[in-house]
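Visitor: attaching a predicted model along with its sequence, questions to come.
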Amino acid sequence: MTRGSATFGILLLSLLLLHAKGAGAQDRGPDPENDRLGKGGRTGAESAETPPKPAPRPVLPYDPNDEAPPPDAPGPSREKPGSEERGKHDETPTTGGMFEGIETKADGRIRLELGYDSNVFRAERGRTSDFFFHGYGEGNLLVRFPGERELFASVTGEGLAYGKQDLANEAYGSSFADYYHPLTSRLDVEVQNTFEYSRQNLLDDNGDLLPREKFNAYDEECRVAFIAHATDELSFEIGGGFRWKDFEETFGIPSLDFYEARGNAGARFKIPWWPESKLRVRYVFRERHYLQLRANLRDGAFVREDPKLVLQRHQAIVSYSQRVEIPSPFSKNPMQLSVVAGYTFTYNGDIFENDRSYREHSGSLRVEWWIVREWTRLELEVRGGTRSFLVRRAPSQAGLRQRFLDSSALLWQKVYDHVAIVGEVAWFLYDSTDPTESYGRFVGQLGIEVFF
């Protein structure tokens, strides 16, 4: 306890110095999809006494359904632990009767934070800053049945409330279930279902910020995958899914409701000569059909006779993860370091006249460092990329291109049994050939977490 407290004091001081250093550059920072904070559909160009106007249309780096955000990032993740993540907890076996041989494990956390946002509405000019309250809750249940069958279920809830700019307030709730079943010694099947509710005021719809007062929505998605194990190190996966998203209607404006079909294939390789390392390659295809929203012409103009919007997205995703243990000067237990690096190429196709068609290259690097096992954890992440539209032009008649870069740091320090202090800082930088879309942003949070 004493050793962990001393370590916390040193790291907290470092975090505060980092925060102070970042405050001078708070007009920098990108806008990752999983960064839920401040997606208010307003610009900060006006003062608090002036009714806000619709925000410019920043294009966010990638769709939250394409990649899993970090476990501690704001906003629920659609990607939950799969079979490779199971077995990391101490299960409680259930004995007797029909439940004999079943093992269960439950855990969860509640996090309450106070934060500061330097650019609540992500405006290019006239930035509006504000303090906010962030609450997050999560509960997980893992059930292991005889025959290596597993059921994982998770429920999360989250809310953000700004002190003055209540138009930027957001709320999220989600439930996730995953059932894993070995069919043979070499073939497994996995079934997933996700249901989400979101309340937000800003939405990037594959290249456009659509004019709405609100984006309250229900989202249902189911997936199925078959995993074939060629060897103990090499496995292949093929799967598909269906998604339906229903938005709250805005009078006089076409609905944003859509349905989406998904197919994916990939391979995972555990490098035998380098323990605790995994290489994963995936291809994901989605076809999205909007029920009312119409496609635009090549120049972005709206024509009433246009057909309903249909988007086809192709993605090639490569990721590499590595976990190592390092001797610790603070404890007898070694420090644990986990690194995940990834690259994604995306082609988003608007099948009408390519108004929303673009190519995107993005990369990420995430480091999780347990400095003192079970006591002190530091997380660092950097993400960046560029998106180039095929036909859409900027006001300068140059090709429309957006670039983004974000960096974040999180310090988690256990102070007592089931209680930890959490500090987070993040910088976001977004640049576009359309100058009205560029912006920077700094977000800092400090709070307490209760876990079990």
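Guide: Received the coordinates, thanks. Residues are numbered from 1 along each chain as shown.
Visitor: going forward, measure contacts between C-alpha atoms and count neighbours the same way
Guide: Will do.
Visitor: pull the CA atoms of stretch 392-412 into PDB?
Guide: Output in PDB follows, covering the C-alpha atoms of stretch 392-412 (Å, rounded to 0.1, in the frame of the first residue of the first chain):
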ATOM      1  CA  ARG A 392     -15.900  16.300 -53.900                       C
ATOM      2  CA  ARG A 393     -14.100  19.600 -54.000                       C
ATOM      3  CA  ALA A 394     -13.200  22.100 -51.300                       C
ATOM      4  CA  PRO A 395     -14.400  25.800 -51.700                       C
ATOM      5  CA  SER A 396     -11.000  26.500 -53.200                       C
ATOM      6  CA  GLN A 397     -11.800  24.000 -55.900                       C
ATOM      7  CA  ALA A 398      -9.000  21.800 -54.600                       C
ATOM      8  CA  GLY A 399      -9.700  18.200 -53.900                       C
ATOM      9  CA  LEU A 400     -11.300  17.700 -50.500                       C
ATOM     10  CA  ARG A 401      -9.000  16.000 -48.100                       C
ATOM     11  CA  GLN A 402      -9.100  15.700 -44.300                       C
ATOM     12  CA  ARG A 403      -6.200  14.800 -41.900                       C
ATOM     13  CA  PHE A 404      -6.500  13.900 -38.300                       C
ATOM     14  CA  LEU A 405      -4.100  13.200 -35.400                       C
ATOM     15  CA  ASP A 406      -4.900  12.600 -31.800                       C
ATOM     16  CA  SER A 407      -2.900  11.600 -28.700                       C
ATOM     17  CA  SER A 408      -4.100  10.700 -25.200                       C
ATOM     18  CA  ALA A 409      -2.800   9.500 -21.900                       C
ATOM     19  CA  LEU A 410      -4.600   7.900 -19.000                       C
ATOM     20  CA  LEU A 411      -3.200   7.200 -15.500                       C
ATOM     21  CA  TRP A 412      -5.000   4.700 -13.300                       C
END
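Visitor: where in the stretch 51-200 of the chain is pLDDT low?
Guide: Scanning the stretch 51-200 of the chain for pLDDT under 70 picks out 51-99.
Visitor: quick one: the helices in this protein?
Guide: 2-23 (DSSP state H).
Visitor: now Arg280: closest residue in space that isn't a chain neighbour?
Guide: Arg268 (4.4 Å; C-alpha to C-alpha, 6 or more residues apart in numbering).
Visitor: list the contacts for the one you found?
Guide: Arg268 sits next to 233-236, 278-281 when contact means C-alpha atoms under 8 Å, 6 or more residues apart in numbering.
Visitor: now with 10 Å, please.
Guide: By C-alpha atoms under 10 Å, 6 or more residues apart in numbering, Arg268 lies in contact with 227, 229, 233-237, 278-282, 319-320.
Visitor: Leu337 versus that one, what's the distance?
Guide: 21 Å (C-alpha to C-alpha, to the nearest Å).
Visitor: swap in Arg387?
Guide: Distance from Arg387 to Leu337, by C-alpha to C-alpha: 32 Å.
Visitor: more crowded one of these two?
Guide: Shown here are Arg387 and Leu337; by other C-alpha atoms under 10 Å, Arg387 has more neighbours (24 against 18).
Visitor: pretty sure that one is touching Arg356, no?
Guide: No. Applying C-alpha atoms under 10 Å, one finds Arg387 not in contact with Arg356, separated by 11.3 Å.
Visitor: surely Arg373 is in contact with Pro329?
Guide: No. Contact criterion C-alpha under 10 Å: Arg373 and Pro329 do not qualify, at 11.9 Å.
Visitor: which residues do these two both contact?
Guide: Met335.
Visitor: so these two - more neighbours on which side?
Guide: Shown here are Arg373 and Pro329; by other C-alpha under 10 Å, Arg373 has more neighbours (17 against 11).
Visitor: nearest residue to that one in space, please, no chain neighbours.
Guide: Arg373 sits nearest to Met335 (C-alpha to C-alpha, 6+ apart), 6.3 Å away.
Visitor: near the one you found, how many residues? Count them for me, please.
Guide: The burial count for Met335: 21, using other C-alpha under 10 Å.
Visitor: is it in a bridge, and if so with what?
Guide: With DSSP bridges as the criterion, Met335 is bridged to Ile326.
Visitor: tell me how far it lies from His361.
Guide: Taking C-alpha to C-alpha, one finds Met335 at 33 Å from His361.
Visitor: and if you look at Gly159?
Guide: Where His361 is concerned, Gly159 sits at a distance of 31 Å (C-alpha to C-alpha).
Visitor: which one's more surrounded, these two?
Guide: Set Gly159 next to His361 and count neighbours by other C-alpha under 10 Å: Gly159 wins out with 21 against 18.
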